[in-house]
Each structure stands twice: as structure tokens, then as C-alpha cells.
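>>> below are the sequence and a predicted model; questions follow.
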Amino acid sequence: MIALLNQRRIATPILWLLFAAAVLCALFTFTDAYQLLAAPLTNDEEPQQADVVIVLGGGVVTHLKTLPWGVQERVRKGVDLITQGYADSMIVAGGLVKDQTYTESEFMRAYAEFLGVSPDAIIEEGQSLDTHQNAQFSLDIMEAHGWDAALIVTSDFHTRRACNVFEKQNANITCIASHPAFTGNYYRNLLEAKSVIRDYCATAYYFVMGYI
């Protein structure tokens, strides 16, 4: 009898935790609640004239060998800025994909070219493995070209952390957010929620490391 009571005492909190997790999962899947979570992480400024647009990578769907939705949206936003005349050049930043022999920047370049950007206007930064290195190596390219000002383009939930990293390295930047091109897709909602939660954790880590 005592053993049974002990089992129930253990099982009840676990069941409540599972129930809470299921409710949160449903909330983020069937609504746009993740956008509320993303708001404190977002820094979306008005575009300014600059020397270069820097588009930050965010992975490759390896089994399909294509860019995920979020990175496609980043590249499209960068291309829009080029088309609107805010800058003449673009840096696509992203290094080797895990367990692969190709870089994120290769796919980003190909997509930007597909969208109409001249190959001569695109520079690949293919060394970086994280946001901190995105900034470090992209700023090295800017220095080599004598460029001063940049527009930093990344997903909305990633803008504040990414731009703080660049500012920590004394960069002259304007922060531009790319937003989801479509909403109401349950799978996309869940992916966005996962990315937002991950970026909160990454922000805390970057603060401890002194990157921001």
C-alpha cells in the first residue's frame, strides 16, 4: 500500500508536467503565440544607405540540399535591399554544414543569384560556424574592401542578438529583420517556437561569454 502511494506521488507531478508540455505544444502549433515570445528578441530598424548587405546563415536542409524557409526569407530580404538601392554588394555568411563538405554560403549565393543579384556583387563568408564568427569574418571582409557601413539581415528573433554581436565589435550597422513569409502553417509555427526558445538560450550564453 505504501509503495503504491509513493508511486502515485511520483506519477502525479509527471502527469501534470506532461499535460503542461502538451498544452504549450498545442499553443505554439495552432496559434501565432511564438510571435509574442519573439518580440523582445527583435530589433528591426529602418534601412539606411550602406556599403554592403550582410545576410546571416541559419543552416541547410541536408537531406533535401536546400535552404530552410527562414534562411530563404533572409536572402530574399537581402536581395530586396540590393534591388531598392540601399547597397551594391552582399555578403552571405555561413560556414561548413555539419557532417557535410559544403557551406551554407554556397546555397545562399546560389539563391541570391537565382533571385537576380549579379554574381559579382556577392561575396561568400564560408568560415563561420556561429553568429559570433559571422560577425568576425564578415567584418574582416568589410575591412579588406574598405567598407564602413552594413545592413545586417537575419530572422526577426535573431536580430537583437546578432546585431549586439556586431556592435560589440564596434561595427557601424543597421539591423533589418526578415519575417515569416506565411503564417497559419502548424509545422512552421512549431519550428518558429523552437527557434525562438533556442535563441533565448543562445542570448544567455552569449552574454556569459561576453559576445554581447
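Great, that's in hand. Just so we're clear, the structure is a prediction, and the values are computed from it rather than from any experiment.

>>> would you mark the buried spots in stretch 72-84?
72, 73, 74, 75, 76, 77, 78, 79, 80, 81, 82 (16 or more other C-beta atoms under 10 Å). (C-beta placed from N, C-alpha, C; glycine too.)

>>> any idea which of those is closest to residue 126?
residue 75 (15.0 Å; C-beta to C-beta).

>>> can you tell me the closest non-neighbouring residue to the closest one?
residue 111 (4.9 Å; C-beta to C-beta, 6 or more residues apart in numbering).

>>> for the buried residues of stretch 72-84, which one is nearest residue 203?
Nearest member of the buried residues of stretch 72-84 to residue 203, counting by C-beta to C-beta, is residue 74, at 18.5 Å.

>>> for the strand or helix carrying the closest one, packing partners?
Counting by DSSP states H and E, the element that carries residue 74 is helix 69-83. Helix 69-83 sits against strand 52-56, strand 89-93, helix 104-114, strand 149-155, strand 172-178, helix 186-209, with contacts defined as 3 or more C-beta pairs under 8 Å, 6 or more residues apart in numbering; DSSP states H and E.

>>> need the winner for burial among the ones you listed.
Greatest average neighbour count among the helices and strands packed on helix 69-83 goes to strand 52-56 (a mean of 29), per mean count of other C-beta atoms under 10 Å.

>>> what angle do strand 89-93 and that strand make with each other?
20 degrees (axes from the mean of the first three to the mean of the last three C-alpha atoms, to 10 degrees).

>>> direction included, what does strand 52-56 pair up with?
Paired neighbours of strand 52-56 in the sheet (DSSP bridges): strand 89-93 (parallel), strand 149-155 (parallel).

>>> what would the buried residues of stretch 72-84 look like in TSV with distance to residue 119 and pLDDT?
TSV is the format used below for the buried residues of stretch 72-84 (distance: C-beta to C-beta, whole Å; pLDDT from 0 to 100):
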residue	distance to residue 119	pLDDT
72	19	96
73	22	96
74	19	97
75	14	98
76	17	97
77	19	98
78	15	98
79	13	98
80	18	97
81	18	98
82	13	98
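
>>> from those residues, pick the one nearest residue 172.
residue 81 (16.0 Å).

>>> distance check, the closest one against residue 54.
Using C-beta to C-beta, to the nearest Å, one obtains 10 Å as the distance from residue 81 to residue 54.

>>> next, show the common contact partners of these two.
151, 153 (C-beta atoms under 8 Å, 6 or more residues apart in numbering).

>>> element containing the closest residue in space to residue 157 that isn't next to it in sequence?
Leaving out its chain neighbours, the residue that sits closest to residue 157 by C-beta to C-beta, 6+ apart is residue 38, at 4.2 Å. Using DSSP H and E, residue 38 sits in helix 34-38.
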